[in-house]
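> Output the structure for:
(4 chains)
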Number of protein chains: 2
Amino acid sequence: MSATIKDIAKRVGFSITTVSRALSNHDDVNPKTKALIQQTAIEMGYAPNLMARRFQKSKSDTIGLILPTFGPRFSDPFFSELLAGVGNMAAHQGYDLLVSTRAPGNEELHAYQQMVQGHRADGLVVVRTRLQDERIRYLRSAQFPFVAFGRTDEALDFPYVDEDGAFGMGLVAEHLVEMGHRKIACISSPPNLMFSQHRLDGLRARLQTLNVPLDEELIRFGDMTQRSGYEQANQLLDLPVSPTAIVVCNDLMAFGAMSAAQDRGLTVGKDISITGFDDIPMASHSHPPLTTVDQPIYQIGSMLCEMLIKCVKGEALEQRQVLLRPGLNIRQSSGPVKGG
Amino acid sequence: MSATIKDIAKRVGFSITTVSRALSNHDDVNPKTKALIQQTAIEMGYAPNLMARRFQKSKSDTIGLILPTFGPRFSDPFFSELLAGVGNMAAHQGYDLLVSTRAPGNEELHAYQQMVQGHRADGLVVVRTRLQDERIRYLRSAQFPFVAFGRTDEALDFPYVDEDGAFGMGLVAEHLVEMGHRKIACISSPPNLMFSQHRLDGLRARLQTLNVPLDEELIRFGDMTQRSGYEQANQLLDLPVSPTAIVVCNDLMAFGAMSAAQDRGLTVGKDISITGFDDIPMASHSHPPLTTVDQPIYQIGSMLCEMLIKCVKGEALEQRQVLLRPGLNIRQSSGPVKGG
DNA sequence: TTGAAAGCGCTAACAA
DNA sequence: TTGTTAGCGCTTTCAA
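Coordinates of the predicted model:
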């Protein structure tokens, strides 16, 4: 259907070799010939056949991203922003972005294998690292280029970008203790996720040093959805002595927790303090606006992609492991302890 | 690096043709030979080189999806769910999913051209159709397979899935009028989007027949973000005689509108009614839970993908144009008009 | 400065 | 049932 270099060669009367070189802008082609060929290519509406090119160079010029989805209703503003960050950088660098969505487990690992073995992508972005992460183990054993969003619990050396969640939670702890809170609860995210560990540990450690040890009875685990935050918060609020503050490990669950509190007639920020983590755009326009730890998701996506492309090209990384230090955005969902 | 059919051929002592046929499970191969070859392939860890296969068949087994993003902070739960719907069906059918993110405009159209001309994908999913949609015009002119999420204003025949937004808004209109509302405002989405037209027109038309004509002064346009809903609602609430109900054209803006009302001390569902559209998971766990028109985003994604793959394979579509009829989920964000 | 030729891994006519 | 051969479109030695 569309023109090939062969067609162009026929038209201009040169060999396909010369055409190929002219179009790749090699400098061993007579300028006049080159100009003629390039002009003709435009006239004929030539577009290189990428499948042929990729095959012959055995490079896909594609990076892969497998999103861990839980259940069909995968409604997560976090990932759409990350995707935009990765995708825009990929496009900027002339790379395609191949996306898969799989629930963690065997099928997911299989998807990784397919990406690698089928040469579907030149490198992979691994998101939301887990304890004993089999994806990372696999990619390392296959010696396949990848960059992770998150660290791991194993002593493995690989490139990653992560945010210092422990530090972020430290800021939350300080803020709440300063506001007089002593009975602090936590709705954490699934414990098999690395960032859950960092955040919860960070919270626990900082509270300890502030002499307000975290009551282990007041820790709940949710699945990161708003619904889950709602349910876990309800459990906490049902306790005989309910907490004066709930530290939630992601914004979505924090919204759910706010709803739960509000359903009981509590004024969030006055009767109870609730904090989040991520600072998704919605956080500044909820009611009340959410106190939360910021995480530059879009930029992280960009960085991941940029680093990965360097890896793929065999270029050296100026920084192989990046740990970002977050800030705390204090808004109206948190305030002085009541009667404090 | 990895084994090829040539390697297998050498090992088993058959020709590469026979190996190729055995691995493709053709039935003109001796069962014993076939078994031997397949066994050997497994032993050798053979994985077909997709780039080679795709090149030779000149089919990418890939479908493309270009997400329209506005600005860097692309935090949209709607699209992540759609992506999951499309992606899971694609995986299920053995197709890859190529994703790009572009702001509407020239670069976006260029991305479409790249997909088409570079044979990057066998077919495209076009989301969020617009008035005079140049993407659709282009794909039609290029005779490239595509399926759209949404209709168009031009009299063009192409496969699509859409939800009957006018009907959905009719339900909202009925609900509000029944609750005694007469001063109804609307926060619409950008008027160049087809679904905005359908929803606003549907609202206007149904209100008309209910003898509660929509006051054109009470129509505002937002950009679909929570922030925008917040801002537009504030404008409406600043009017000398503020509306008793605000019909918002998507859930995210509805959340923003709720925040704006709540900031003024209004109780949403009592002092003012607010409705949304989409029924994203968050809608049932906001405070108060949001009355909204449901839209099965995940299923729509699946359908789009399934239809597209049929198109790509040259199979007939049993239904070329699908228009889904929505329902209204009445929750606590809407109620009887105050003092009504 | 240009061209001939080989080959990337695979599939599919056609022949045996 | 199996093998021979050609070729997909492109890049890249090597030779002229």
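> Following element in sequence after the strand or helix carrying residue A:199, please.
Element membership of residue A:199, judged by DSSP states H and E, is helix A:194-209. Stepping forward along the backbone from helix A:194-209, the first helix or strand reached (DSSP H and E) is strand A:219-221.
> near chain B, anything from that following strand?
No. With CB under 8 Å from any CB of the partner chain as the criterion, chain B is not reached by strand A:219-221; the gap is at least 15.9 Å. Backbone N, C-alpha and C define where each C-beta goes, glycine included.
> Please name every helix or strand in contact with the helix or strand following that strand.
Counting by DSSP H and E, the next helix or strand C-terminal to strand A:219-221 is helix A:226-237. Under the contact definition 3 or more CB pairs under 8 Å, 6 or more residues apart in numbering or on different chains; DSSP states H and E, helix A:226-237 sits against strand A:184-188, strand A:219-221, strand A:245-248, helix A:251-263.
> on that earlier part again, now do the buried residues in the helix holding residue A:199.
Within helix A:194-209, the residues that count as buried by 16 or more other CB atoms under 10 Å in any protein chain shown are A:194-200, A:202-204, A:206-207.
> what's the answer for stretch A:5-23, then?
Quick answer for stretch A:5-23 (16+ other CB under 10 Å): A:5, A:7-9, A:11-12, A:14, A:18-23.
> Same question for stretch A:31-51.
A:33-34, A:36-38, A:40-41, A:46-51.
> Quick check: which of those residues are also close to chain B?
Answer for these near chain B (CB under 8 Å from any CB): A:47-51.
> what separates the closest residue to residue A:282 other than its chain neighbours from residue B:249, distance-wise?
For residue A:282, ignoring the flanking residues on the chain, the nearest one in space by CB to CB, 6 or more residues apart in numbering or on different chains is residue B:226 at 5.0 Å. Here residue B:226 is placed at a distance of 13 Å from residue B:249 (CB to CB, to the nearest Å).
> So between the two, which is more surrounded?
Neighbours were counted for residue B:226 and for residue B:249 using other CB atoms under 10 Å in any protein chain shown; residue B:249 has more, 31 against 27.
> Just the pLDDT for the closest residue to that one other than its chain neighbours.
Excluding the flanking residues, the one nearest residue B:249 by CB to CB, 6+ apart is residue B:189, at 4.5 Å. Note on residue B:189: pLDDT of 96.
> Would you mind confirming that residue B:189 makes contact with residue B:220?
No. Residue B:189 lies out of contact with residue B:220 (CB atoms under 8 Å); the separation is 10.5 Å.
> where does the stretch 201-340 of chain A have low pLDDT?
A:340 (pLDDT under 70).
> For DNA strand C, what's its nearest residue on it.
Nearest residue of the stretch 201-340 of chain A to DNA strand C (CB to the nearest atom of the strand) works out as residue A:312 at 18.6 Å.
> The stretch 51-200 of chain A too?
Residue nearest to DNA strand C within the stretch 51-200 of chain A (CB to the nearest atom of the strand): residue A:56, separated by 3.5 Å.
> What about that residue, how many residues nearby?
What residue A:56 shows, counting by other CB under 10 Å, is a neighbour count of 11.
> what residues does chain A put near DNA strand D?
Contact residues (CB under 7 Å from any atom of the strand) of chain A with DNA strand D: A:4-6, A:16-17, A:20-21, A:23-24, A:48-49, A:52-53, A:55-57.
> Output the ones next to chain B among the buried residues of stretch A:31-51 in JSON lines; the columns should cover secondary structure and pLDDT.
Below are those laid out as JSON lines (DSSP: H, G, I helix; E, B strand; the rest coil; pLDDT from 0 to 100):
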{"residue": "A:47", "secondary structure": "coil", "pLDDT": "92"}
{"residue": "A:48", "secondary structure": "coil", "pLDDT": "93"}
{"residue": "A:49", "secondary structure": "coil", "pLDDT": "93"}
{"residue": "A:50", "secondary structure": "helix", "pLDDT": "93"}
{"residue": "A:51", "secondary structure": "helix", "pLDDT": "94"}
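> quick one: which of those residues is nearest residue A:240?
residue A:50 (65.1 Å; CB to CB).
> That closest one and residue B:60, how far apart?
9 Å.
> Could you do residue A:19 as well?
24 Å.
> Now list whatever residues contact both of residue A:50 and residue B:60.
Common neighbours of residue A:50 and residue B:60 are listed as B:119-120 (criterion: CB atoms under 8 Å, 6 or more residues apart in numbering or on different chains).
> Just say helix, strand or coil for residue A:301.
Classification of residue A:301 using DSSP: H, G, I helix; E, B strand; the rest coil returns helix.
> Name the nearest residue to it, ignoring sequence neighbours.
residue A:85 (2.1 Å).
> Okay, and that neighbour sits in which element?
Per DSSP H and E: helix A:77-92 holds residue A:85.
> Work out for me the element the nearest residue to residue A:115 once chain neighbours are set aside sits within.
Excluding the flanking residues, the one nearest residue A:115 by CB to CB, 6+ apart is residue A:64, at 4.6 Å. Using DSSP H and E, residue A:64 maps to strand A:62-68.
> What parts of the stretch 51-200 of chain A come near DNA strand C?
A:55-56, A:58.
> pLDDT added to the residues you listed, as TSV?
As requested, those are exported to TSV (pLDDT from 0 to 100):
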residue	pLDDT
A:55	94
A:56	94
A:58	92
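> which one of the residues you listed is nearest DNA strand D?
The closest of these, once distances to DNA strand D are taken by CB to the nearest atom of the strand, is residue A:56, at 3.4 Å.
> Which of the three states applies to the closest one?
Per three-state DSSP, residue A:56 ends up helix.
> Same question for stretch A:256-273: list its buried residues.
Quick answer for stretch A:256-273 (16+ other CB under 10 Å): A:256-263, A:266, A:268-269, A:272-273.
> Can you tell me which of the residues you listed is nearest residue B:135?
residue A:256 (36.8 Å).
> list the contacts for that closest one?
By CB under 8 Å, 6+ apart, the neighbours of residue A:256 are A:222, A:225-233, B:285.
> swap in residue A:67?
A:74, A:79, A:83, A:99-102, A:127, B:83-84, B:87 are the contacts of residue A:67 under CB under 8 Å, 6+ apart.
> Quick one: name the residues of the stretch 151-300 of chain A near chain B.
Counting by CB under 8 Å from any CB, the stretch 151-300 of chain A sits next to chain B at A:225-227, A:229-230, A:252, A:255-256, A:258-259, A:262-263, A:280-282, A:284-287, A:289, A:297-298.
> For residue A:239, grab the count of nearby residues.
12.
> How about residue A:143?
Count around residue A:143 with other CB under 10 Å applied: 8.
> for it, helix, strand, or coil?
coil.
> No more questions from me, cheers.
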